[in-house]
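Participant: Starting from these lines, generate the structure:
(one chain, ligands or ions: 1)
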Amino acid sequence: MSAEPQIELVGIDKHYGSFHALKNINLTIPKGQFVALVGPSGCGKSTLLRSLAGLETITGGTMKIGGDVMNGVPPRKRDVAMVFQSYALYPHMTVEQNLTYSLRLKRVSKDEMKRATEEVAKTIGLSHLLHRYPRELSGGQRQRVAMGRAIIRNPKAFLFDEPLSNLDAALRVHMRKEIRALHDRLGATSVYVTHDQIEAMTMADHVVVMRDGVIEQQGSPLELYDTPATRFVAGFIGSPAMNFVDGTTSADGTSVTLDLPASRTIQLGRQVEPGRRVTVGLRPEHLSITEDENSPLIVDVAVVESTGSLTYITAAGDAGLTIVLTGRSDLRAGDRIALAIEPGRVHLFDADSGRAI
Ligand code: ATP
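Facilitator: Have a look, this model is predicted:
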């Protein structure tokens, strides 16, 4: 992968009237990278993507694509291709006509068009369906046509706006691999908006977590999982979500007394500021059941759910801790269990600011 930036966003701001939708966004995307923008509804991820496409006008900052400043450049001159959730196919055109639409506008020669269509149809695996209309295709096939229409333009970047939201769960899992494989094969640069953190984690090289118009944290998927900078990122990345329990650090700063009934003290394996109000973060997959009666966490089982390969246990009580066990379990609602935590897996956040400690 080359380090040459394909997309550079410096100090991007976007106001809708008095509403500040994007606040000082700084993001550099090297050529060939697959970047996911994630965050809860309303965080500004679509606004950022649409600004890249030129469909929204930014109110501050500099936006470069392929080294050229794009501020004020109309969408069709940006050399980017957007793939929408709704596919945005022309219903009265065949697959072939949908694929070649942009080439016809560019007055590309018939031979060149034929060659490009065949190549792209092969790439997306739809060579046998070129004469069908969108209504005669499955959801996954329509999504592939939408991809093909973007690919045929050979753009500087692909911009995806929740492209898999309309597909069922199994097809979504399949298509995310397909899109990532296409990205790799084409050596493309992709920006992918999703509210699904699993999609972001599995597809992207670099994940950008947004919240209220700012970038809360960016990094590789595992960086975000292992070292979330804030409680918000910690709760957003990882499934099932991280457990949070409030507490106070001990006088020597090496442990935390949790605000839970019947709970004891959790050892940190490191030293932090004593007497500080904190939120402890425990990933469900880092908790296990122990016979150790000095366990820091004794809880009553409320719900047991099994997927066959994994068992999800939800504990009773305000904290409602979730535990994920590999394999099956004989536990039942009402059982009392002691939990062990993998050493070095305790996350700590400042109780007020939410910043990692
Ligand atoms: P979702 O996942 O729900 O699509 P999002 O993170 O993509 O959310 P955006 O669509 O980027 O969010 O919207 C960001 C914020 O900007 C929201 O609070 C939204 O209400 C606001 N917003 C978006 N478009 C406009 C507009 N045209 N006028 C005013 N406010 C807008």
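Participant: Show me what counts as buried in stretch 80-91.
Facilitator: 80, 81, 82, 83, 84, 85, 87, 89 (16 or more other Cβ atoms under 10 Å). Bear in mind the C-beta positions are built from the backbone N, C-alpha and C, glycine included.
Participant: for stretch 265-282, same thing?
Facilitator: So stretch 265-282, judged by 16+ other Cβ under 10 Å, has buried residues 266, 268, 276, 278, 279, 280, 281, 282.
Participant: I figured residue 28 was touching residue 35, is that so?
Facilitator: No. When contacts are counted by Cβ atoms under 8 Å, residue 28 is not listed as touching residue 35 (9.9 Å).
Participant: more neighbours, these two?
Facilitator: residue 35 (23 against 16; other Cβ atoms under 10 Å).
Participant: does the helix or strand the more buried one falls within come close to the ligand?
Facilitator: Residue 35 belongs to strand 34-38 when elements are defined using DSSP states H and E. No. Figure legend: strand 34-38 not in contact with the ligand (Cβ under 6 Å from any ligand atom); closest approach 8.2 Å.
Participant: which ones are touching the closest residue to residue 285 other than its chain neighbours?
Facilitator: Nearest residue to residue 285 in three dimensions, chain neighbours excluded: residue 324, at 4.7 Å (Cβ to Cβ, 6 or more residues apart in numbering). Counting by Cβ atoms under 8 Å, 6 or more residues apart in numbering, residue 324 touches 240, 284, 285, 287, 310, 311, 312, 313.
Participant: Buried ones among those residues?
Facilitator: 284, 285, 287, 311, 312, 313.
Participant: The nearest residue to the third one once chain neighbours are set aside: how many residues sit nearby?
Facilitator: In space, residue 287 comes closest to residue 323 once its chain neighbours are excluded; the distance is 4.5 Å by Cβ to Cβ, 6+ apart. When counting by other Cβ under 10 Å, one arrives at 27 neighbours for residue 323.
Participant: immediately after whichever strand or helix holds residue 96, which helix or strand?
Facilitator: If you go by DSSP H and E, residue 96 is part of helix 95-105. Per DSSP H and E, helix 95-105 leads on to helix 110-124 as the next helix or strand towards the C-terminus.
Participant: what about the residue of the stretch 101-250 of the chain found nearest the ligand, which SS state?
Facilitator: Here the stretch 101-250 of the chain gets closest to the ligand at one residue, residue 195, 4.9 Å apart by Cβ to the nearest ligand atom. Secondary structure of residue 195, reduced to three states by DSSP: H, G, I helix; E, B strand; the rest coil: coil.
Participant: domains for this protein, by residue range?
Facilitator: Domains of the chain are assigned by automatic domain parsing as 5-230, 243-350.
Participant: ranking those by burial, who's on top?
Facilitator: domain 5-230 (a mean of 18; mean count of other Cβ atoms under 10 Å).
Participant: which residues does the nearest residue to residue 37 once chain neighbours are set aside contact?
Facilitator: Using Cβ to Cβ, 6+ apart and skipping residues adjacent in sequence, the residue nearest residue 37 is residue 45, 4.2 Å away. Residue 45 makes contact with 37, 38, 39, 193, 195, 210, according to Cβ under 8 Å, 6+ apart.
Participant: Turn those into JSON lines, columns for pLDDT.
Facilitator: Output for these, formatted as JSON lines (pLDDT from 0 to 100):
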{"residue": "37", "pLDDT": "97"}
{"residue": "38", "pLDDT": "96"}
{"residue": "39", "pLDDT": "94"}
{"residue": "193", "pLDDT": "96"}
{"residue": "195", "pLDDT": "89"}
{"residue": "210", "pLDDT": "96"}
